[in-house]
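K.L.:
what shape does this take:
(one chain, ligands or ions: 1)
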Amino acid sequence: MKRIYALLTLALMLTSNLAKADEGMWLLSLLDKMNYKDMEAKGLRLTPEQLYSVNHSSLKDACIWFNGGCTGELISSEGLILTNHHCGYDAIADLSTPADNILDNGFWAKDKASERVPKNPMSITRVVRVDDITDKMLEKLNGVAEKDRAAKIQELYKELIKTATEGTHFEATCREMFKGNAYYLFVMEKFTDIRLVGTPPQNVGKFGGETDNWMWPRHTGDFSMFRVYANTENKPAKYDAQNKPYKPLHYLPVSTKGIKEGDFAMIIGFPGRTNRYEFSQGVALATDIVDPNIVNLRDIRLKAWKEQMVQDEATRLLLSSDYASIANYWKFFDGEAEQLKHNKVFEKKSAEEKTFSQWASNKDEYKSLLYDIDQVYTLYKPYALQSTYMRECITAPTIIQMSMIGMSLEAMYSKKASIAADKTKSKEDKAKEIAKIDEAISALSKEFIEDLKNVAYNDRIIAADKKIFAGMLKMYYKNIPSDQWPTFFKELAGKIKNGNADEVFGKYTEMVFAKSVFASKEKAAKFFEKPNLKKLLSDPAYAYLKAHFDNYNTNFKSKVTEFQAQSLALGRKYIKGLMEMQPNRMFYPDANSSQRLTYGTVKSYNPKDAVHYDYITTMDGVMEKYIAGDYEFDLPAKMIELYKNKDFGKYALANGKLPVAFLTDNDITGGNSGSPVMDGNGNLIGLAFDGNWEAMSGNIHFDEKYKRTINVDIRYVLWLIEKLGGASHIVNEMTLVE
Ligand code: ARG
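P.N.:
Below is the predicted model of the structure:
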């Protein structure tokens, strides 16, 4: 009897393990104590020391933060880095012109000397070590008033960073975990000599474009390659032709053995932001107010740009990168709102809160918590669009973005005026100080004129910008309550009669673009050759920006920061309470751009009743989607040729097909892009590049049924380099496990 019972529990444990998708973005330094046994049971073959070690090389050393927003992995002894195409996109597009169009045609450096130096600075950052600083922080935060907490935290961070990095070339950052219940310090080594090694053509690297983005089944070859350089001591150094390829402490061997459903898979990366302990009120705010507004606002920008991009190649190249990044989160927020509703996240959060409040009913520390949350959200709700509109509406037109420089300029002029008016200073002192500010003004102006060269603003983009500006005025008029408008906007809107809003806003737009110095790069450059305050203050684009900024700063900023501080404090208390209520649950902290590991298995799913999605896609599917000449689904002629000849080399599956992408049930989010997917031995089997539509609610709630990670199969990557790119030397540089 006893034995049967034991077997039964074992079977239950196994099935529940198999059925469960793998939630959790774990800190590597804690795996040993928290997850290691579970990982081993699922198929990990490495020791905890091989995952994370301070004294020996370990996987953490090969998985790096890529350019402050993505993840990359070292895959050779000579600093070769693999990341997503969409992570290298900016650098690739920056280097592209109609005459040297590596974005459209692809590029592979034939040797190290031919690698391309990015136009804008790039960085990769390695985690040297992670310190738990919770006790040090909490001891000093104890008794600090909530309103002083943020400042105190920054002060403590500064001291701890100083101590941790003194006398080294390392940097450090501190991260708040569990909304302030724990703190960790990350010592980092940052490299800045990064060069482009290669990229497939964008109709491979971005195959499927916005239509396929955030969706499975997927057929995108989303990868690009860079190399890190270091000085002769293998230490970070700024760009120098004499620098040497960086020799990593560890690099990932590449496995071409292939994968099957149920195989162990783990991902190490730098997930950016999740909010898994969000309250139900926060969910409602996202679905009902914030997300749909972001979508509608971004829609205006995307439509206006697209109209111009399809007509002119140079314009398309100029706007490609910005278009892709705005479109990416335009679709994200659309999907998030839809799936939060579909996956009943509000209801799930409410149910959890109910359980909590029952548990808390006799505990003084927690019993009013949910009531307090409700109060905080109710007070904030009428202003919930203010900060979103500053970011996504007011400052969306390029003309307004350019005019922002006026803020610094005006501040310098007013400093000058206050020195001149200062009666306590001698004439000579004043003259000296004023001369200094004049110097600063001319330095700022020079820098701005230089920066202008990189601003995408030709006649076509200006035409689009006018549409964007007028469209934004209308959105503001429609969606922001009139008692929250700045005075000038009240006057402008006062001219609207009998629904002629388009006419009124159209006229105003024409006036702004006719009169502002920020309405073209030439005019702006000319103004900054001889800047003057009077002209700046009467500039209609700058006046527009300033009116909105002043309105925000005087009337709404404190409401926003207060809401943020209060909801953070209540969130901190809620998580603390949850931890007391569920002492056996393993908690993981929200993503915050620190290094994490997620583990699980290769896994298919059912998106809806009676529909099954396989875990792997092949080149057959690429060809099924192919549309000659299409913006998103075209392919290079050579690729079609290779497909016809079934020229898949050693990368084909047993059935002769070429693998392209696969699914795992790992827990990732934005920032994980480019992360290595590794097998149980720590060998590279793919790279993560997206999430799936059915689980777009994933930043707020991990849905066990739907949440998947979309990965490029490493065999597709190798095939594209070798067969399409003709760059076998790059493949030869890697350590293949066959
Ligand atoms: N959805 C992907 C991510 O956030 C980015 C894909 C970029 N591609 C695009 N078509 N915008 O990681």
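
K.L.:
make it CA atoms for all contacts and neighbour counts henceforth
P.N.:
Fine.

K.L.:
up against the ligand, what does this structure have?
P.N.:
Within the chain, the positions adjacent to the ligand are 86, 209-210, 213-214, 324-325, 327-328, 670, 673, 689-690 by Cα under 6 Å from any ligand atom.

K.L.:
for the ligand, what is the nearest residue in the stretch 501-650 of the chain?
P.N.:
Nearest residue of the stretch 501-650 of the chain to the ligand: Glu632, at 9.0 Å (Cα to the nearest ligand atom).

K.L.:
how about Thr173, what does it touch?
P.N.:
Going by Cα atoms under 8 Å, 6 or more residues apart in numbering, Thr173 touches 157, 161, 185-188.

K.L.:
nearest to Met639, out of the residues you listed: which one, please.
P.N.:
Met188 (40.7 Å; Cα to Cα).

K.L.:
could you verify my assumption that the closest one touches Glu171?
P.N.:
Yes: contact criterion Cα atoms under 8 Å: Met188 and Glu171 qualify, at 5.1 Å.

K.L.:
okay, these two: which has more neighbours?
P.N.:
Met188 (21 against 18; other Cα atoms under 10 Å).

K.L.:
now do the SS call for the more buried one.
P.N.:
strand (DSSP: H, G, I helix; E, B strand; the rest coil).

K.L.:
one more: Asp620?
P.N.:
helix.

K.L.:
re the thing from before, phi, psi of the residue of the stretch 501-650 of the chain closest to the ligand?
P.N.:
phi -120, psi -20 (degrees, to the nearest 10).

K.L.:
pretty sure it sits against Phe207.
P.N.:
Yes: using Cα under 8 Å, Glu632 makes contact with Phe207 at a distance of 6.0 Å.

K.L.:
neighbour count winner among these two?
P.N.:
For Glu632 versus Phe207, neighbours defined as other Cα under 10 Å are more numerous around Phe207 (25 against 20).

K.L.:
surely the more buried one is in a helix?
P.N.:
No: per three-state DSSP, Phe207 lies outside any helix segment and is coil.

K.L.:
what sits closest to it if chain neighbours are left out?
P.N.:
Thr220 (4.8 Å; Cα to Cα, 6 or more residues apart in numbering).

K.L.:
sec struct for that neighbour, please.
P.N.:
Assignment for Thr220 (three-state DSSP): coil.

K.L.:
want to throw the contacts of Thr173 into CSV with distance to Ile700?
P.N.:
Rendered in CSV, the data for these read as follows (distance: Cα to Cα, whole Å):
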residue, distance to Ile700
Tyr157, 28
Ile161, 31
Leu185, 25
Phe186, 25
Val187, 29
Met188, 29
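
K.L.:
using PDB, write out every CA atom in stretch 60-71.
P.N.:
Taking C-alpha atoms only, stretch 60-71 is exported to PDB below (Å, rounded to 0.1, in the frame of the first residue of the first chain):
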ATOM      1  CA  LYS A  60      27.300  33.500 -17.000                       C
ATOM      2  CA  ASP A  61      30.600  34.800 -18.600                       C
ATOM      3  CA  ALA A  62      29.400  33.800 -22.100                       C
ATOM      4  CA  CYS A  63      26.000  35.400 -21.800                       C
ATOM      5  CA  ILE A  64      26.300  39.200 -22.100                       C
ATOM      6  CA  TRP A  65      24.200  42.300 -22.000                       C
ATOM      7  CA  PHE A  66      24.100  43.500 -25.600                       C
ATOM      8  CA  ASN A  67      24.100  47.300 -26.100                       C
ATOM      9  CA  GLY A  68      22.000  47.900 -23.000                       C
ATOM     10  CA  GLY A  69      18.800  46.500 -24.300                       C
ATOM     11  CA  CYS A  70      19.400  43.000 -25.700                       C
ATOM     12  CA  THR A  71      21.300  39.800 -24.900                       C
END
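
K.L.:
what's the average pLDDT for that stretch?
P.N.:
Average pLDDT, stretch 60-71: 98.

K.L.:
and stretch 722-734, by the same measure?
P.N.:
Mean predicted confidence for stretch 722-734 is 98.

K.L.:
likewise for stretch 606-624?
P.N.:
98.

K.L.:
list the buried residues for that stretch?
P.N.:
607, 615-619, 622-623 (16 or more other Cα atoms under 10 Å).

K.L.:
check for me that Gly726 belongs to a strand.
P.N.:
No: read with three-state DSSP, Gly726 is coil and lies in no strand.

K.L.:
what's the neighbour count on it?
P.N.:
13.

K.L.:
how about it, what does it touch?
P.N.:
Gly726 sits in contact with no residue, where contact means Cα under 8 Å, 6+ apart.

K.L.:
distance of Lys238 relative to the ligand?
P.N.:
29 Å (Cα to the nearest ligand atom, to the nearest Å).

K.L.:
that residue sits in which helix or strand?
P.N.:
If you go by DSSP states H and E, Lys238 is not part of any helix or strand.

K.L.:
quick one: residues contacting it.
P.N.:
191-193.

K.L.:
top helix in this structure by residue count?
P.N.:
helix 313-342 (DSSP state H).

K.L.:
gap between that helix and the chain center?
P.N.:
Mean-position distance between helix 313-342 and its chain equals 12 Å (Cα atoms, centre = their mean, to the nearest Å).

K.L.:
ok, back up a step: reformat the contacts of Thr173 as CSV; add pLDDT.
P.N.:
Supplementary listing: those in CSV, determined by pLDDT from 0 to 100:
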residue, pLDDT
Tyr157, 98
Ile161, 98
Leu185, 98
Phe186, 98
Val187, 98
Met188, 98
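
K.L.:
which one of the residues you listed is nearest to Leu537?
P.N.:
Once Cα to Cα is applied, the member of the contacts of Thr173 that ends up nearest Leu537 is Tyr157, at 39.3 Å.

K.L.:
now that closest one, nearest residue through space, not along the chain?
P.N.:
Excluding the flanking residues, the one nearest Tyr157 by Cα to Cα, 6+ apart is Cys174, at 6.3 Å.

K.L.:
burial measure for the one you found, as a count.
P.N.:
22.

K.L.:
hey, what's it bridged with?
P.N.:
Note on Cys174: beta-bridge partners by DSSP bridges are Leu185.

K.L.:
for it, give its distance to Arg149.
P.N.:
From Cys174 over to Arg149 the distance is 15 Å, taken as Cα to Cα, to the nearest Å.

K.L.:
Glu347 too?
P.N.:
On the measure of Cα to Cα, Glu347 and Arg149 end up 32 Å apart.

K.L.:
repeat that for Val660.
P.N.:
Distance from Val660 to Arg149, by Cα to Cα: 49 Å.

K.L.:
who has more neighbours, these two?
P.N.:
A direct count of neighbours by other Cα under 10 Å for Val660 and Arg149 places Val660 higher, at 25 against 16.
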